[in-house]
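Student: test case, fold it:
(chains A, B, C and D)
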There are 2 protein chains.
Amino acid sequence: MRKRATAKEVAEAAGVSKWTVIRAFTPGASITDASRQKVLQAAETLNYSPNLLARSLATNTTHQVAVFVDDFANPHKLPVLELLSERLQAEGLLTVLININRHFDHVHALINAGQRQFDAVILFGTAFREETLGDRGLEPGFPPMFVLARGSQIPGVPAIACDAERALGEIVDYLFDKGYRRPGFMTGARTLSTALGRRHHYANFWRRKGIEGVVELAAGRYSAEAGAEAARAYLNSSSPASRIDVLMCENDILALGAMDVVRSEFGLRVPEDLAVVGFDNIEPGGFPAYGLTSYEQPNEKMVDIMVAMITGKRTAKMMLLPGRLVPRSSA
Amino acid sequence: MRKRATAKEVAEAAGVSKWTVIRAFTPGASITDASRQKVLQAAETLNYSPNLLARSLATNTTHQVAVFVDDFANPHKLPVLELLSERLQAEGLLTVLININRHFDHVHALINAGQRQFDAVILFGTAFREETLGDRGLEPGFPPMFVLARGSQIPGVPAIACDAERALGEIVDYLFDKGYRRPGFMTGARTLSTALGRRHHYANFWRRKGIEGVVELAAGRYSAEAGAEAARAYLNSSSPASRIDVLMCENDILALGAMDVVRSEFGLRVPEDLAVVGFDNIEPGGFPAYGLTSYEQPNEKMVDIMVAMITGKRTAKMMLLPGRLVPRSSA
DNA sequence: ACTCCTCTTGCTACCGGTAGCAAGCTTCGC
DNA sequence: GCGAAGCTTGCTACCGGTAGCAAGAGGAGT
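Tutor: This is a model prediction of the structure:
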């Protein structure tokens, strides 16, 4: 494999200096049409294009954005990743996907991100502990950080997320109007602030309706199996008479798992015997086999705003955006 | 925001030359313990870590792998992306996600990939036209290219994929044994070679069983709606007596859409009135509400082999791996 | 024809590392 | 006690660009 052509080689071929070659590839640079043509022609035959790595080193901008993701189990991630990469690319930025799972610790990944000189770091719905971030975020030369699709209390790290309080308010209003009075809530990972947030708001809004004591079903993690297990455990340990009449799940993937158990294993009807509500509005939830009532996050808006902040077209600050209740047959 | 510390600054603080600083951070370099300690201490207080961008420029290796994806509608992509990024990171390689959708043309993305000096380029299940690639792939300095989870006839571009012929053979054997005799096949995008491949093998194996004329349902693209529409169109235009008794869909997402229409809109039973089979074994297919019989691609093996080829631990060459039939209630 | 001004071009210095040579210092054998 | 071998250390040159200065070229005005 031959090496890539460099500006110097093109310069020799075109009979100019390498700086003139560079100028031919720099929009708005001071160069005559004649030289530009000469250079472009030589570049064409040598198949030259500027080396972006060298440019990055010299300009201190890589045009790369790191996206940290830790929960790939939620199908909601894929469409947002698509949107994010599309909008970033439209601004000339590339998406570097960084997998933060059990095998890779956050601190290591953050150090690496610093060494790579990313233009920005996006924490996409990740379960970072705030302490971990707080330290790193303030290091000199560390790229600006943002949190996407999750709340953040980290100072200096703006979060763009769906307004959970407003969302849960809409959901509880809807459920109350439909006549449900014995609410349950299924949580995934209990340590996440989002988790506590959604549960917290849910309980609060029911309290305002005069209903205390939301039953909690703890799935422990976010997966259909976990949701199924939690639902199974609850239904096995409760008497039909005392049961909740509506189960709100922290996200759709839990809700689908729960719904399967409710219908297939216990023969209950949804929503007549037990209504189910999810969050995120993932695609399978909308399939006729489920008809899951859910809440759609404003993905496009969140991504657009995030990209605008990264490119500096908007001042970076925390933003909570309204989503949209998607009523279907399950509640 | 202060700048990052450089080796030169650390060198001054530690009273050595910058090359000694570099050596302290280079495993196996020739340096005394005393100097190394001195340097590491100075580095600690200045919060220094080597600049990987500069290293990349000098060594001509970026430790970044570009992954081209065009079809984000298939949920199958997410778990594979997770695996891929995990395994690449375990080898010290980062994943750069490149979105090739309607808005971005392939050629442009490929040029960009060349300019960025990626260590490798993976075409992940993408619908590249072979001509487009053929040209680019041979350019000097272009990173080695691989095709993941899709066949490829491009010379010099090895593909790691599931053995479609073997898979379809297993599927047809299974369906024949179960007594099905009137097969149908639903295609997504007709231009893709994979599509033609699966359909081709399916028809071939039925022919060997003495059954000619597989009915084709063309969905045109890969989405649940497209699958639903194609199924609807077929069921509306065919008489119950002459209908196929088993519908194999090119992937699960089509199959789920078809299954919904078959059951909810036409009141048919699956598999009694019409059996349905998919491909990819995506998560929702396994939910009790569907119980979709499918074929699982050997994702882990494919990814492991791909990463081994990229790191040079394996010689790069085309490989077709056997997958696994996942029989469920739908067929 | 001459001056002045502007546009173009080449240049030095630099981004922050790597590669590999050569000098200086140890260490060892005899 | 001395020379040879080996380890450390500093050095030059380089990766392929960018930034901005200064000299040269070209054109307008008088």
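
Student: tell me the buried residues in stretch A:324-331?
Tutor: By neighbour count on 16 or more other Cβ atoms under 10 Å in any protein chain shown, the buried set for stretch A:324-331 is A:328, A:330-331. Every residue, glycine included, has its C-beta placed from N, CA and C.

Student: report the lowest-confidence entry in those residues.
Tutor: Here the lowest pLDDT out of the buried residues of stretch A:324-331 sits on A:A331, with 90.

Student: and which of the buried residues of stretch A:324-331 is nearest B:T293?
Tutor: Of all these, B:T293 sits closest to A:S330, with 25.8 Å by Cβ to Cβ.

Student: mind checking what secondary structure that closest one has?
Tutor: coil (DSSP: H, G, I helix; E, B strand; the rest coil).

Student: list the contacts of it.
Tutor: A:255, A:259, A:270-271, A:275-277, A:290-293 (Cβ atoms under 8 Å, 6 or more residues apart in numbering or on different chains).

Student: quick check: domain ranges of chain A?
Tutor: Annotated domains of chain A cover A:7-50, A:61-162+A:299-322, A:164-296 [automatic domain parsing].

Student: count the residues that sit near A:R102.
Tutor: Residues lying near A:R102 (other Cβ atoms under 10 Å in any protein chain shown) number 7.

Student: what kind of secondary structure is it in?
Tutor: Put simply, A:R102 is coil when judged by three-state DSSP.

Student: which residues of chain A score low on pLDDT?
Tutor: Low-confidence segments of chain A (pLDDT under 70): A:1-2, A:103-107, A:127-138, A:191-196.

Student: grab the longest helix from it for me.
Tutor: Looking across chain A with DSSP state H, the single longest helix is helix A:193-208.

Student: next secondary structure element downstream of it?
Tutor: Later in the chain than helix A:193-208, the nearest helix or strand by DSSP states H and E is strand A:215-218.

Student: would you mind writing the CA trace of that next one as CSV?
Tutor: The C-alpha trace of strand A:215-218 is given here as CSV (Å, rounded to 0.1, in the frame of the first residue of the first chain):
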residue,chain,number,x,y,z
VAL,A,215,-46.4,0.5,45.1
GLU,A,216,-42.9,0.0,44.0
LEU,A,217,-41.7,-2.9,41.9
ALA,A,218,-37.9,-3.0,41.7
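
Student: buried residues in the next helix or strand after it?
Tutor: Using DSSP H and E, the helix or strand that follows strand A:215-218 in sequence is helix A:224-237. Counting neighbours by 16+ other Cβ under 10 Å, one finds that the buried residues in helix A:224-237 are A:224, A:226-232, A:234-235.

Student: and helix A:224-237, anywhere near chain B?
Tutor: Yes. Helix A:224-237 reaches chain B (Cβ under 8 Å from any Cβ of the partner chain) through A:A224.

Student: so what are the sheet partners of the next helix or strand after that helix and their directions?
Tutor: Downstream of helix A:224-237, the first helix or strand assigned by DSSP H and E is strand A:246-249. Here strand A:246-249 is paired, per DSSP bridges, with strand A:183-187 (parallel), strand A:275-277 (parallel).

Student: okay, the angle between the longest one and helix A:224-237?
Tutor: Right, strand A:183-187. Angle, strand A:183-187 to helix A:224-237, by axes from the mean of the first three to the mean of the last three Cα atoms, to 10 degrees: 140 degrees.

Student: quick one: strand A:183-187 to chain centroid distance?
Tutor: Computed by Cα atoms, centre = their mean, to the nearest Å, the chain-centroid distance of strand A:183-187 equals 23 Å.

Student: need the contact partners of it.
Tutor: A:172, A:175, A:195, A:198-199, A:202-203, A:206, A:211, A:214-219, A:227, A:230-231, A:234, A:244-250, A:254-255, A:258.

Student: angle of that strand against helix A:193-208?
Tutor: Going by the same axes, to 10 degrees, strand A:183-187 makes 170 degrees with helix A:193-208.

Student: circling back: of all the strands paired with strand A:246-249, which lies closest to DNA strand C?
Tutor: Set against DNA strand C and scored by Cβ to the nearest atom of the strand, these come closest in strand A:183-187, at 44.4 Å.

Student: for that closest one, list the C-alpha coordinates in PDB.
Tutor: C-alpha atoms of strand A:183-187 as PDB (Å, rounded to 0.1, in the frame of the first residue of the first chain):
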ATOM      1  CA  PRO A 183     -50.800   3.100  41.000                       C
ATOM      2  CA  GLY A 184     -47.700   1.100  40.900                       C
ATOM      3  CA  PHE A 185     -44.200   2.100  39.600                       C
ATOM      4  CA  MET A 186     -41.500  -0.200  38.300                       C
ATOM      5  CA  THR A 187     -37.900   1.100  38.700                       C
END
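
Student: for that strand, buried residues please.
Tutor: A:183-187.

Student: farthest pair in those?
Tutor: A:P183 and A:T187, at 13.3 Å, using Cβ to Cβ across the buried residues of strand A:183-187.

Student: which parts of the stretch 1-150 of chain A sit against DNA strand D?
Tutor: Proximity of the stretch 1-150 of chain A to DNA strand D (Cβ under 7 Å from any atom of the strand) is limited to residues A:3-4, A:6-8, A:18-19, A:22, A:25-26, A:48, A:50-51, A:54-55, A:57-59.

Student: contacting residues for the closest residue to A:L268 other than its chain neighbours?
Tutor: Closest residue to A:L268 apart from its sequence neighbours, by Cβ to Cβ, 6 or more residues apart in numbering or on different chains: A:V262 at 5.0 Å. With contacts defined as Cβ under 8 Å, 6+ apart, A:V262 is in contact with A:231, A:235, A:247, A:268, A:270, A:273-274, A:276.

Student: can you rerun that using 10 Å?
Tutor: By Cβ atoms under 10 Å, 6 or more residues apart in numbering or on different chains, A:V262 lies in contact with A:228, A:231-232, A:234-235, A:247, A:268-270, A:273-276, A:330.

Student: assumed it was part of a helix.
Tutor: Yes. Applying three-state DSSP, one finds A:V262 inside a helix.

Student: helix, strand or coil for A:I160?
Tutor: Under three-state DSSP, A:I160 comes out as strand.

Student: tell me what it is bridged to.
Tutor: A:L148, A:M319.

Student: and it, how many neighbours?
Tutor: Other residues close to A:I160 by other Cβ under 10 Å number 27.

Student: one more: A:K209?
Tutor: Neighbour tally, A:K209, other Cβ under 10 Å: 13.

Student: next: A:E265.
Tutor: 14.

Student: skip the chain neighbours and tell me the closest residue to it.
Tutor: The shortest distance from A:E265 to any non-neighbouring residue, by Cβ to Cβ, 6+ apart, is to A:R232 (6.5 Å).

Student: for the one you found, give me its contacts.
Tutor: A:R232 neighbours (Cβ under 10 Å, 6+ apart): A:217, A:257-258, A:260-262, A:265-266.

Student: returning to that earlier point: out of the domains of chain A, flag the one nearest B:V96.
Tutor: domain A:61-162+A:299-322 (5.3 Å).
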